[in-house]
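Undergrad: model the following, please.
(one chain, ligands or ions: 1)
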Amino acid sequence: MSAPATDPRDKLFVALDLPSLGEAERLVSVLGDTVTHYKIGYRLGYSDGIGFGRELAASGKTIFFDLKLHDIDNTVREGVEAIARTGAHYLTVHAYPQTMRAAVQGRGGSALKILAVTILTSWNDIDCAEAGYAGTVATLVPAKAQQAAAIGIDGIVCSAQETANLRAIGIPPKVELVTPGIRPAGADGGDQKRVVTPEAAIRGGADRLVIGRPITAAADPAAAAREIVNAIDGALRSLRVNV
Ligand SMILES: O=c1ccn([C@@H]2O[C@H](COP(=O)(O)O)[C@@H](O)[C@H]2O)c(=O)[nH]1
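TA: You can find the predicted model right below:
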């Protein structure tokens with residue numbers, strides 16, 4: 001018996017980087033059933049985003065708080081415990097070992113998944129050097145991913161340019177690879193430097209794609225989201241055919 005087809009909507013997190021709760025509510029309403037997974041980051045998270053995420057989770061949406069925690073262990077652990085109580089499904093922390101261990105403690109046995117941000121998709125090797133790293137994107141992302149997996153982190157945030165290599169070096173399938181920096185062909189990259197199309201990201205083994213401006217800034221966000229979901233669906237079908 002063949003495995004049931006994956007719902008392409010489960011692969012897409014729409015980043016709700018919007019200026020107000022009202023605009024976020026309007027967008028979610030406009031996107032309707034086309035989008036089932038939402039990411040809430042700094043812009044909304046620092047205002048009404050936590051309560052809104054709690055409401056969306058209660059309404060059946062999958063919620064990812066992209067708060068990128070990094071602080072002393074006690075503060076990280078308590079922050080993660082607080083987010084776990086919202087009913088959200090994913091939370092990011094920076095991929096520093098102390099921070100990741102504290103986050104795993106805070107997660108405890110809850111359903112919250114902790115994602116470790118390796119090297120931001122808006123960074124290239126020059127940015128890594130400027131931040132004081134001796135390594136490059138190609139060495140730092142795998143090193144941080146291996147450390148995260150050993151600590152018991154549930155997923156890695158990286159570019160879809162790196163996913164195939166992460167699986168090749170043994171990051172196990174239970175560790176989800178979550179990839180921002182996704183742009184449909186021809187779309188404006190903005191500040192993203194390690195960019196991949198939705199189709200190529202799925203074919204390269206990304207488990208989830210994070211997409212903001214190509215949908216939120218589109219003249220017709222619902223049409224943009226539908227087009228991306230269709231592209232994901234096509235890539236998933238081509239993978240099934242080629243198995
Ligand atoms: O490495 C990272 C980690 C997080 N992000 C977040 O994803 C979205 C991407 O938005 P776009 O508008 O599609 O560029 C945004 O919320 C970032 O904070 C990331 O881009 N890269």
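
Undergrad: what residues does the chain have near the ligand?
TA: For the chain, the residues in contact with the ligand (Cβ under 6 Å from any ligand atom) are 15, 17, 41, 66, 117, 120-121, 157, 180-181, 190, 192, 210-213. All C-beta atoms are positioned from the backbone trio N, CA, C, and that covers glycine.

Undergrad: which one of the residues you listed has the most neighbours?
TA: Highest neighbour count within the residues of the chain next to the ligand, by other Cβ atoms under 10 Å: V157, with 30 neighbours.

Undergrad: now do the closest residue to it other than its chain neighbours against D127, distance only.
TA: Nearest in space to V157, with sequence neighbours left out and distances taken as Cβ to Cβ, 6 or more residues apart in numbering, is V117 at 4.4 Å. Separation of V117 from D127 (Cβ to Cβ, to the nearest Å) stands at 14 Å.

Undergrad: show me where the protein has its strands.
TA: Using DSSP state E, the strands of the chain run over 12-15, 37-40, 62-69, 90-94, 113-117, 155-157, 176-179, 208-211.

Undergrad: so which of these is nearest A164?
TA: strand 176-179 (9.5 Å; Cβ to Cβ).

Undergrad: could you list every helix and strand in contact with that closest one?
TA: On a contact count with 3 or more Cβ pairs under 8 Å, 6 or more residues apart in numbering; DSSP states H and E, strand 176-179 meets strand 113-117, strand 155-157, helix 163-168, strand 208-211.
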